[in-house]
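Engineer: for reference, the sequence and a predicted model appear below.
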Amino acid sequence: MSSPEAPGTSRAREESGESEETEAPGGGEPAGSTEAPSLTHVRAPARLSWQKLTVVPAMLVVLLLATWLWFQQADLDAVSENALSNGQVSQALWEHIELTAISTFFVLIIAIPLGILLTRRAFRKATPVAVAIANMGQATPAIGLLALLVIWLGIGRRAALIGMIAYAVLPVLSNTMAGLKANDPTMLEAARGIGMSPLGVLSRVELPLAVPLILAGVRTALVLNVGTATLAVFGGGGGLGVLITAGITNQRMPVLVLGSILTVALALLVDWLASLAEVLLRPRGLDL
């Protein structure tokens with residue numbers, strides 16, 4: 001006498017022709033599957049696009065070419081020719097570049113170290129005073145500040161440079177402080193936890209993370225200095241302001257137009273170069 005089949009035996013026999021592979025919970029692949037999951041490759045964004053490299057230079061070429069063509073058919077009288085002859089245009093342009101470069105250099109060596117000091121615990125109490133002084137430098141009208149400096153220091157390039165430096169310190173100082181304060185405290189604590197010295201944390205963690213904001217402040221300061229340098233002529237500093245004031249004083253439109261266009265072109269060129277520096281000097285790890 002045969003023994004009764006255990007419950008479910010008949011059903012097991014019916015399914016005996018099916019695969020005995022078991023599936024993982026959740027309806028996934030079989031438990032014995034060894035296929036590795038496919039990896040999705042994320043392509044990092046390009047650091048420099050062709051538009052960023054070509055649009056502004058193309059605009060500058062068109063602007064300068066149009067200016068040159070206009071001058072070719074312009075009717076210049078003796079006064080205009082005298083204002084533009086003997087290399088005066090190239091001299092004024094070079095003086096303008098020198099004023100911008102020298103003032104920006106001193107802005108950087110003043111504002112960045114000061115911004116670093118003011119974010120340290122020992123110097124934080126001096127932050128309101130330093131920021132207030134920097135605010136005063138930019139809040140004061142540039143021509144008024146230059147006039148006061150000329151009265152104090154006399155006519156010459158030194159007064160113009162000090163005025164330009166005082167006018168451009170604020171963007172670099174505030175961006176340096178903002179960039180350092182925006183760093184993640186847990187990241188800084190982790191750097192200290194692996195034994196890095198305070199100087200190492202600053203140079204290898206804090207400053208690299210703050211580079212984008214610092215460069216943005218430098219870019220702003222550069223453009224400000226290009227514009228402010230046109231006022232250096234009133235303090236005997238030279239620059240493209242010589243052409244602009246000569247055009248206004250003598251009522252010679254070609255001289256005024258040339259000085260203005262060269263100033264605009266120089267400002268656009270400096271801003272474009274600074275934008276490239278922002279991309280190239282940005283730490284690669286921050287692009288992801």
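Structural biologist: Great, that's in hand.
Engineer: which residues of the stretch 51-200 of the chain fall in strands?
Structural biologist: With DSSP state E, counting those that start in this stretch as the criterion, the stretch 51-200 of the chain has no strands.
Engineer: how much space between residue 116 and residue 130?
Structural biologist: Residue 116 sits 12 Å away from residue 130, going by CB to CB, to the nearest Å. Yep, even glycine has a C-beta here, placed from its N, CA and C like the rest.
Engineer: again but with residue 161, I slipped
Structural biologist: 21 Å.
Engineer: where does the stretch 151-288 of the chain dip in pLDDT?
Structural biologist: 285-288 (pLDDT under 70).
Engineer: helices of that one, start to end?
Structural biologist: 157-181, 185-193, 198-201, 207-228, 241-249, 253-280 (DSSP state H, counting those that start in this stretch).
Engineer: right, and residue 177 touches residue 119 too?
Structural biologist: Yes. Here residue 177 reaches residue 119: they are 5.7 Å apart, a contact under CB atoms under 8 Å.
Engineer: mind listing what's buried in stretch 258-269?
Structural biologist: 258, 259, 260, 261, 262, 263, 265, 266, 267, 268 (16 or more other CB atoms under 10 Å).
Engineer: repeat for stretch 68-88
Structural biologist: The neighbour-count check on stretch 68-88 (16+ other CB under 10 Å) flags 80, 83, 84 as buried.
Engineer: reformat those as JSON lines; add pLDDT and distance to residue 49.
Structural biologist: Listed next are the buried residues of stretch 68-88 as JSON lines, based on pLDDT from 0 to 100; distance: CB to CB, whole Å:
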{"residue": "80", "pLDDT": "84", "distance to residue 49": "42"}
{"residue": "83", "pLDDT": "82", "distance to residue 49": "41"}
{"residue": "84", "pLDDT": "85", "distance to residue 49": "38"}
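Engineer: verify the contact between residue 215 and residue 282 for me.
Structural biologist: Yes. The pair residue 215 and residue 282 qualifies as a contact (CB under 8 Å) at a distance of 7.3 Å.
Engineer: more neighbours: those two, which one.
Structural biologist: residue 215 (21 against 15; other CB atoms under 10 Å).
Engineer: please tell me how far that one sits from residue 60.
Structural biologist: Taken as CB to CB, the span from residue 215 to residue 60 is 22 Å.
Engineer: same check on residue 69?
Structural biologist: Relative to residue 60, and taking CB to CB, residue 69 is found at 15 Å.
Engineer: mind listing what the most centrally placed residue in the chain touches?
Structural biologist: The C-alpha lying nearest the average C-alpha coordinate of the chain belongs to residue 216 (CA atoms, centre = their mean; 2.8 Å). Each residue near residue 216 by CB atoms under 8 Å, 6 or more residues apart in numbering is listed here: 175, 278.
Engineer: about what we covered before: between residue 177 and residue 119, tell me which one has more neighbours.
Structural biologist: residue 177 (24 against 20).
Engineer: ok, that one to residue 165 distance?
Structural biologist: For residue 177, the distance to residue 165 - CB to CB - is 18 Å.
Engineer: can you list the buried residues in the lengthiest helix in the chain?
Structural biologist: Identified as the longest helix of the chain according to DSSP state H is helix 88-118. By neighbour count with 16+ other CB under 10 Å, helix 88-118 contains the buried residues 89, 92-93, 95-100, 102-104, 107-108, 110-112, 114-116, 118.
Engineer: same deal with stretch 178-188?
Structural biologist: Applying a neighbour-count criterion of 16+ other CB under 10 Å, one finds 178, 179, 180, 183, 188 buried in stretch 178-188.
Engineer: that one spans what distance, first to last residue?
Structural biologist: 16 Å (CA to CA, to the nearest Å).
Engineer: run through who's touching stretch 172-186.
Structural biologist: 107-108, 111-112, 114-116, 118-119, 127, 130-131, 134, 205-207, 209-214, 216-218, 220-221.
Engineer: stretch 228-238 too?
Structural biologist: By CB under 8 Å, 6+ apart, stretch 228-238 touches 91-92, 95-96, 99-100, 103, 142-143, 146-147, 149-150, 155-157, 159-161, 163-164, 167-168, 239-242, 244-245, 259, 263.
Engineer: put the buried members of those residues into a PyMOL selection.
Structural biologist: To isolate the buried ones among these in PyMOL, judged by 16+ other CB under 10 Å, type:
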select buried, resi 92+95+96+99+100+103+142+146+147+149+150+157+159+160+161+163+164+167+168+239+240+241+242+244+245+259+263
